[in-house]
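K.L.:
Turn this into a structure:
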Amino acid sequence: MNCPVCDESGFARLLAVRGRTATRCQGCGCVALEEPPAPAGSAEPPALSRHAKRFLDALRRRGMRTGPLLLAASGTARMASQAFADHAQAEGFRVDLPDLTTAFTKQAPAAYDAAVMLHQLQIEPVPGELLRWAHAALRPGAPLLLTLPGVHRWPAGSRWHFDETTIQLLLLRCGFREVLVRKLDASAMLVTAVRDEPPARPKCSIIVAAFNEKQTFPVLMDALLHQTIPGVDREIVVIESNSTDGTRELAKQYQGHPEIKLVLQDQPRGKGYAVREGFRHATGDILLIQDADLEYDLDDYDALLAPILSGRALFVLGTRHAGDWKMRQFAQQKILAAGLNLGHAFFTGLINVLYRQRMTDPFTMFKVFRRDCLFGLEFQCNRFDFDHELLIKLVRKGYRPLEVPVNYRSRSFREGKKVRVFRDPLTWIWVDLKLRFARVLPKDLG
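P.N.:
Predicted structure coming up:
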């Protein structure tokens with residue numbers, strides 16, 4: 001048996017939950033239910049009829065027009081879908097409810113303005129096959145809406161259990177984008193996405209924020225241009241923030257380079273502001289943040305990108321610890337280095353407690369993620385508090401960061417470190433506490 005999300009063949013057995021025996025994919029974490037599915041019609045259909053209006057409203061917000069609507073359902077899911085079909089038809093939509101046993105070979109391509117699957121995907125022997133069929137049936141940019149059982153709710157007939165991460169990985173693999181996962185009620189998740197035309201090869205955008213880095217910037221750029229990522233196209237997005245030490249003049253030498261996008265800011269507004277500007281100019285489906293100070297090793301790119309390229313993760317952190325929390329070693333500023341290490345331990349503990357995580361290095365520069373993870377998120381932080389804001393909002397949106405060990409050599413303040421020891425930590429505490437209860441996604445999205 002291969003995982004429908006990442007094709008991994010290794011599964012680890014789980015303890016029985018709610019009377020069901022299950023195994024977990026060792027690649028992405030998707031759960032396979034080993035017991036044979038119950039015969040069609042043997043279980044009560046999920047009570048989704050009261051949400052019919054909400055489903056139509058969500059589709060309209062994702063761009064559905066008034067054309068034909070495809071409703072994919074079989075067995076108990078078909079019974080549960082009938083109430084939605086009646087409501088949609090009363091609203092003036094033409095609803096097609098094909099027989100899925102023969103539909104895969106008959107469906108005309110690009111014929112529908114929306115597709116809906118209510119508690120259907122988890123009962124499919126090969127979920128990706130159903131999604132690819134729906135992708136072919138939808139017009140470009142048309143929305144897909146599906147519902148899934150919630151965490152630890154495995155109704156009779158289910159073959160698979162998806163969480164926020166694995167369902168997005170599967171949808172991206174099958175040609176959808178802008179995936180949003182929301183809680184429908186205590187027992188179900190509501191997922192929306194839109195049909196995409198994915199590129200033939202993945203593309204990685206490397207975001208480089210540069211300010212007053214005259215000594216290290218040319219070394220970094222030379223190394224980046226010689227760095228190759230097998231099977232991946234790349235672009236380097238450089239945001240130069242009007243340096244006063246000659247970095248701007250060095251950056252201008254790369255203007256017009258086919259692999260480099262150069263963004264020249266009129267004034268320095270902080271690293272966070274520069275990285276946000278880089279996000280706006282990046283066109284890759286994978287984003288990687290790279291500082292210009294040579295503290296990190298570019299040879300770690302392959303290890304950081306591998307989980308994303310293999311479909312096992314959406315969000316990767318390069319952890320600098322390698323078993324030792326004393327990662328900053330300043331030869332001539334040992335007391336300051338110890339203070340920074342203790343501060344890092346404190347803020348790591350704070351983040352883990354507030355957001356129920358087990359990260360070792362949440363504030364690493366090496367944050368690598370699928371661009372789709374940013375859909376619906378807005379950012380306001382401009383300085384180093386942006387590292388906290390980006391991490392927290394991705395975690396709050398439902399992404400589990402996968403930590404990969406990386407090499408690291410911290411530079412001292414005498415070598416150019418820009419963190420303000422007495423001011424910046426106050427902004428970090430404020431962001432950490434404020435975002436614990438703040439809304440992450442706007443109400444009117446999906």
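
K.L.:
need the helices for the stretch 151-300 of the chain, in chain order.
P.N.:
Assigned by DSSP state H, counting those that start in this stretch, the helices in the stretch 151-300 of the chain fall at 164-173, 217-226, 247-252, 271-281.

K.L.:
just the CA coordinates of the last one, formatted as PDB?
P.N.:
C-alpha atoms of helix 271-281 as PDB (Å, rounded to 0.1, in the frame of the first residue of the first chain):
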ATOM      1  CA  LYS A 271      14.200  43.000   7.900                       C
ATOM      2  CA  GLY A 272      10.600  42.000   8.200                       C
ATOM      3  CA  TYR A 273       9.400  44.700   5.800                       C
ATOM      4  CA  ALA A 274      12.100  43.700   3.300                       C
ATOM      5  CA  VAL A 275      11.100  40.000   3.400                       C
ATOM      6  CA  ARG A 276       7.400  40.900   3.000                       C
ATOM      7  CA  GLU A 277       8.400  42.900  -0.100                       C
ATOM      8  CA  GLY A 278      10.300  39.800  -1.400                       C
ATOM      9  CA  PHE A 279       7.100  37.700  -1.000                       C
ATOM     10  CA  ARG A 280       5.300  40.200  -3.200                       C
ATOM     11  CA  HIS A 281       7.800  39.900  -6.000                       C
END
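
K.L.:
same for it, what does it pack against?
P.N.:
Packing contacts for helix 271-281, counted by 3 or more C-beta pairs under 8 Å, 6 or more residues apart in numbering; DSSP states H and E, involve strand 203-210, strand 233-240, strand 260-264, helix 385-397. C-beta: built from backbone N, CA, C; applies to glycine.

K.L.:
domain assignment for this protein?
P.N.:
51-195, 203-437 (automatic domain parsing).

K.L.:
chain center to the shortest one: distance?
P.N.:
Its chain's C-alpha centre lies 20 Å from the corresponding centre of domain 51-195 when counted by C-alpha atoms, centre = their mean, to the nearest Å.

K.L.:
So for that domain, mean pLDDT?
P.N.:
Domain 51-195 carries an average pLDDT of 87.

K.L.:
what do you get for the last one?
P.N.:
Confidence for domain 203-437, expressed as mean pLDDT, is 88.

K.L.:
How far does it stretch from one end to the other?
P.N.:
34 Å (C-alpha to C-alpha, to the nearest Å).

K.L.:
cool, stretch 162-182 as well?
P.N.:
Stretch 162-182: ends 13 Å apart by C-alpha to C-alpha.

K.L.:
and what of stretch 179-191?
P.N.:
Start and end residues of stretch 179-191 are separated by 7 Å (C-alpha to C-alpha).

K.L.:
which residues are in contact with that stretch?
P.N.:
46, 48, 51, 54-55, 58, 119, 145-150, 153, 164, 167-168, 171-172, 192-193, 372, 375-376, 398, 441, 445-446 (C-beta atoms under 8 Å, 6 or more residues apart in numbering).
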